[in-house]
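Engineer: need a 3D model of the following:
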Amino acid sequence: MQNTIKSSVTFEGVGLHSGERARMTIRPASAEHGIWFRRTDVVGVDPMVPALWDVVEQTQLCTRLVNAAGVSVSTVEHVMAALAGCGVHNALIEIDGPEVPILDGSSVPFVRGIFGRGLRRLSAPVRALRVLQTVSVERDGARATLSPSDTLRIDFHIDFIDAAIGRQSKSLVMNNGTFARELSDSRTFCRQSDVEAMQASGLALGGAPGENAVVFDGDRIASPGGLRHADEPVRHKMLDALGDLALAGAPILGHYTGIRAGHALTNELLRRLFATPGAVHMIVCDDAQAARLPGFGLNWSEIPQVA
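Structural biologist: Alright, predicted model coming up:
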């Protein structure tokens, strides 16, 4: 059955790129509602922004949704990953600013907030998108692929010149609470040179480096406190991928492989998937299929606790 959150939960903080402070509340929603954002600070135009792949505005730094009236919400990937990883299918997310709060740079504050409220089962079946054909997109040496699988599996490979990051690879099947346990506390990361360039362009204004992102500088970790995982960067890339795939509108049964992929390429992959005849099919999940979706089998004790 479809799920929603039992009661509302609120988060407040600054946006990583805009530096603007926002208050965001995830509210319960009815069956078949899906995930929607509502900008509470705009008047005179449609404030509703669907969390769907076809309203994504291409960007390299984050995932930004824009409705037909030009109303936008950016950096949605971390909260979308949390909703998918907790098995939430329906929610109304009210926000009074243009960017989702970055908090600590990971999804774990959202996961703990959502799962702490509990889930309510709704009287509608869960639908999933089963990938039937392999589709792939490639650009500038990066590649993203979706191929058939009876569950969601994510493989990711990164390769950075910075020795502190280097080459990292990881593969996970995203059921039985895997997202919350293995990925949810992994923070966004960047290079010191990128921080300086973004700040010079009026971006990356949301707090001091290290508060909400891991900063690497050559062979050293510039952020205080070090890493939460030795391979935290590739884990965060997998977190981002889950959040971007959640914009498909339903859970995906497929094998995602990302090689140096980012937000724009994953969105391009979804566009290719839905544009390819016979590549994907919507199914109504039976109990066995539902048990293979992200969020099923999640236990509170497995959710990381972070300072």
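
Engineer: which pLDDT value goes with Leu205?
Structural biologist: On the pLDDT scale, Leu205 is placed at 48.

Engineer: residue boundaries of the helices in the stretch 151-300 of the chain?
Structural biologist: Here the stretch 151-300 of the chain has its helices, by DSSP state H, counting those that start in this stretch, at 178, 192-200, 232-245, 263-275, 287-290.

Engineer: so where does the residue lying closest to Pro50 once chain neighbours are set aside fall, helix or strand?
Structural biologist: Nearest in space to Pro50, with sequence neighbours left out and distances taken as Cβ to Cβ, 6 or more residues apart in numbering, is Trp36 at 5.6 Å. C-betas here are computed from N, CA, C, even on glycine. In this assignment (DSSP states H and E), Trp36 forms part of strand 35-39.

Engineer: hmm, back to that, is it true that the residue nearest to Pro50 touches Val55?
Structural biologist: No: using Cβ atoms under 8 Å, Trp36 is not in contact with Val55; the gap is 10.8 Å.

Engineer: shared neighbours of those two, which are they?
Structural biologist: Both Trp36 and Val55 are in contact with Val49, where contact means Cβ atoms under 8 Å, 6 or more residues apart in numbering.

Engineer: tell me how many other residues crowd Ala222.
Structural biologist: 16 (other Cβ atoms under 10 Å).

Engineer: look up phi and psi at it.
Structural biologist: phi -80, psi -20 (degrees, to the nearest 10).

Engineer: can you name the residues that contact the residue lying closest to it once chain neighbours are set aside?
Structural biologist: Closest residue to Ala222 apart from its sequence neighbours, by Cβ to Cβ, 6+ apart: Val215 at 4.2 Å. Applying Cβ under 8 Å, 6+ apart to Val215 gives the contacts 189-192, 195, 209, 221-223.

Engineer: so which of the residues you listed is the most crowded?
Structural biologist: Counting by other Cβ under 10 Å, top hit in these: Phe189 with 24 neighbours.

Engineer: for that residue, which non-adjacent residue is spatially closest?
Structural biologist: In space, Phe189 is closest to Val214, 4.1 Å off (Cβ to Cβ, 6+ apart).
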